[in-house]
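J.: fold the following.
(4 chains)
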Amino acid sequence: MFVVTAIAILITMALALVRAMFGPTVFDRVLALNMFGTKTVLLICVVCFLTGRTDFLDLALLYSLMNFIGMVALLRFSQFGHFREEAAGN
Amino acid sequence: MKYSPILGVLLLAAWLLWSGHFDKPFVMALGVLSCAFSLYVALRMEIVDEEGAPWQLGARPFTHYAPWLAREIVQSNIEVTRIIISPAMPLQRNMVTVTPHAETELGRVMLANSITLTPGTVSVRMEGDEILVHALSFEGAAEDISGEMDRRICQMEKQP
Amino acid sequence: MTYIVIPILALLALTAVTGARIRDLWAAVMFTGIYSFLSASWMLILDAPDVAFTEAAVGAGIATFLMLGTLALTSRTEKSSSGIPVLPLFVVAITGGALIYGTLDMPHFGDPKAPVQVYPDPSYVEKSQEDIHGVPNVVTAVLASYRGYDTLGETAVVFTAGIAVLLILRRPRPPVGRSDAAGQQAEAGS
Amino acid sequence: MNVLEIVLEIISWVLLLGGSFFSIVGGIGIVRLPEFFSRLHGGGVTDTLGAGLIMAGLMVQAGLSLVTVKLLTILFFLVVTSPSSCHALAKAALFGGLKPELDKNPPSSRDKSSS
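T.: Here you go, the predicted model:
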């Protein structure tokens, strides 16, 4: 049953990849990347249970946090052209 | 300053949970040290206040609000799923403005995040007293305008 | 397990080819991020959580931002090259051939006499708990204590590289007040 | 295997399959929906119910243990961070000059569409 779930997640990843390929705008691609990150977290959790090594769940937490930080930094960059919003604001 | 001990305890609990070492004094000392360092960095960044560690809300977000939100999420998920799967895709995209009545910034952010969390509605812009919401269908938009979510967050805020 | 491994590898190949062929550099950066996520999952399935950790932090995290920072200094689309690049193709072919020739000497996959199966001495696993008090992770014990000087050198190299990258990517802070215009001028000028 | 275990197994099956279903639906949505702002909603389906149901199924498998607490923490982080990044994405797109396509203006007069 874990295999079924893992394959479903992989199918979702493939669909996100399709969007990343055809996405007409930058934001479509970022959306696909964001979805990819979330799916990776889920995939790691499922694989942990599949192989019975639940210690690896720590990795999933790291990924979820990294995905979030990365996304915010990415969007700040796309919005302002660089990471230094403060320099432009003051 | 009363929020920093709470944050410290939470950090320590998280460290213990994720390391899984409860009996090695050397490793645990290192853990306490790293928690203290994180707390110091957080204090220097001046993010430890009623927003960073919202203690004043207590456990009410989890006991009173989250179950209701979860039910709402399931309902709107099924709605969006119906839209996506149906071959014709009956989209009724629209933009609505929602006015939150919550007093604190935290309450308004919670409202905006809850709106985004229920599929079918995404809060696009938040300025002053207004949240601009993009909705996939009129039903979803109507739910936000009706203000049930807003009412619940206000209620949660006001309780002592 | 096979049903998971094959799709992941297929997605990896697809991502790599698309990322290499796409002309929009922004999209290429997105694809490198996706590639890192996929390869991290793949390494986890190969039972290498430490490598997966590093891949997630370096590949998906830092590398993406460094590339985006570089994009801020250059243009957004790749310059189209004219003609077939003969010399690079030659160099790549030679290097690839040499690498393949090098693999001929390697032991067969799963060979019990291969160094991988023989050398990581069981005593590391057995004695690290007694030798180094309190460090519960064998990998940490090997890296930070048995091979402490080696790791120190590696860290110094990586640190130096990081400082160099930051020095190159740093932009002079624009004068206060007209920062936006100055930033655009800097971009137009570069 | 007693009755309780079988019931738990069935519950976890149903949760995992439901999560897989919603995850794929979100993937289909992200491909099928016509423009960027609608696609955000497709991503929302996978992030909320897809992730939530799969995690719930895993929690039922793990039973009452440290693993369940870890799964809960991961789910909590996902639920807290996903709307923030979704909102940041929508806001960046709006500021980036992407105009949302609207089908028709809603009947109520207090609404303000930006098109």
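J.: show me where pLDDT drops low in the chain?
T.: I went with chain A, as the question did not name one. A:78-90 (pLDDT under 70).
J.: let me rephrase: I mean chain B.
T.: Judged by pLDDT under 70, the stretches of chain B that qualify are B:1, B:50-58, B:139-146, B:158-160.
J.: all helices for it, in order.
T.: For chain B, applying DSSP state H gives helices covering B:3-19, B:25-44, B:60, B:66-85, B:105-117, B:138-146, B:148-158.
J.: residues of the first one that come out buried?
T.: Using 16 or more other Cβ atoms under 10 Å in any protein chain shown as the test for burial, helix B:3-19 gives B:3-4, B:7-8, B:11-12, B:15, B:18-19. (C-beta placed from N, C-alpha, C; glycine too.)
J.: point out the residues in chain A that sit beside chain B.
T.: When proximity is defined by Cβ under 8 Å from any Cβ of the partner chain, chain A lies next to chain B at A:58, A:61.
J.: pick out the residue nearest the middle of chain A.
T.: Closest to where the C-alpha atoms of chain A average out (Cα atoms, centre = their mean) is A:Gly37, at 1.4 Å.
J.: which ones are touching D:Ser84?
T.: Each residue near D:Ser84 by Cβ atoms under 8 Å, 6 or more residues apart in numbering or on different chains is listed here: A:68, A:72, B:113.
J.: let's see it at 10 Å
T.: Contact partners of D:Ser84, counting by Cβ atoms under 10 Å, 6 or more residues apart in numbering or on different chains, are A:68, A:71-72, B:109, B:112-113, B:116.
J.: a markdown table for the residues you listed, including neighbour count and distance to chain C?
T.: Listed next are these as a markdown table, based on neighbours: other Cβ atoms under 10 Å in any protein chain shown; distance: Cβ to the nearest Cβ, whole Å:
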| residue | neighbour count | distance to chain C |
| --- | --- | --- |
| A:Phe68 | 21 | 11 |
| A:Met71 | 22 | 10 |
| A:Val72 | 16 | 11 |
| B:Val109 | 20 | 26 |
| B:Ala112 | 23 | 26 |
| B:Asn113 | 19 | 24 |
| B:Thr116 | 27 | 22 |
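J.: nearest to C:Pro122, of these?
T.: Closest to C:Pro122 out of the contacts of D:Ser84 is A:Phe68 (41.2 Å), distances taken as Cβ to Cβ.
J.: relative to helix B:3-19, how tilted is the strand or helix carrying the closest one?
T.: Using DSSP states H and E, A:Phe68 falls within helix A:57-80. With axes from the mean of the first three to the mean of the last three Cα atoms, to 10 degrees applied, the angle from helix A:57-80 to helix B:3-19 works out at 130 degrees.
J.: is helix A:57-80 positioned near chain D?
T.: Yes. Shown here: helix A:57-80 in contact with chain D (Cβ under 10 Å from any Cβ of the partner chain) through A:57-58, A:60-65, A:67-80.
J.: show me where chain A has helices.
T.: Here chain A has its helices, by DSSP H, at A:2-22, A:26-51, A:57-80, A:85-89.
J.: just name the most buried of these.
T.: By mean neighbour count, with neighbours taken as mean count of other Cβ atoms under 10 Å in any protein chain shown, helix A:26-51 ranks first of the helices of chain A at a mean of 25.
J.: distance from that one to the middle of the chain?
T.: Taking Cα atoms, centre = their mean, to the nearest Å, one finds helix A:26-51 lying 5 Å from the centre of the chain it belongs to.
J.: for residue 39, give me its contacts.
T.: Using chain A. Taking Cβ under 10 Å, 6+ apart, we find A:Lys39 in contact with A:8-13, A:15-16, C:37, C:41, D:23, D:26-27, D:46-47, D:50-51.
J.: oops, chain D please
T.: Contact analysis of D:Arg39 by Cβ under 10 Å, 6+ apart lists A:19, A:23, A:27-28, A:31-32, A:35, D:26, D:29-33.
J.: quick one: average confidence on the helix or strand encompassing it?
T.: Per DSSP H and E: D:Arg39 is located in helix D:36-45. Over the span of helix D:36-45, the pLDDT mean works out to 84.
J.: that one: what's the following helix or strand?
T.: Beyond helix D:36-45 toward the C-terminal end (DSSP H and E), the next one is helix D:51-62.
J.: show me what that next one is packed up against.
T.: Helices and strands touching helix D:51-62, by 3 or more Cβ pairs under 10 Å, 6 or more residues apart in numbering or on different chains; DSSP states H and E, are helix A:2-22, helix A:26-51, helix A:57-80, helix B:66-85, helix D:3-32, helix D:66-95.
J.: go again with 7 Å.
T.: Helix D:51-62 is packed against helix A:26-51, helix D:3-32, helix D:66-95, with contacts defined by 3 or more Cβ pairs under 7 Å, 6 or more residues apart in numbering or on different chains; DSSP states H and E.
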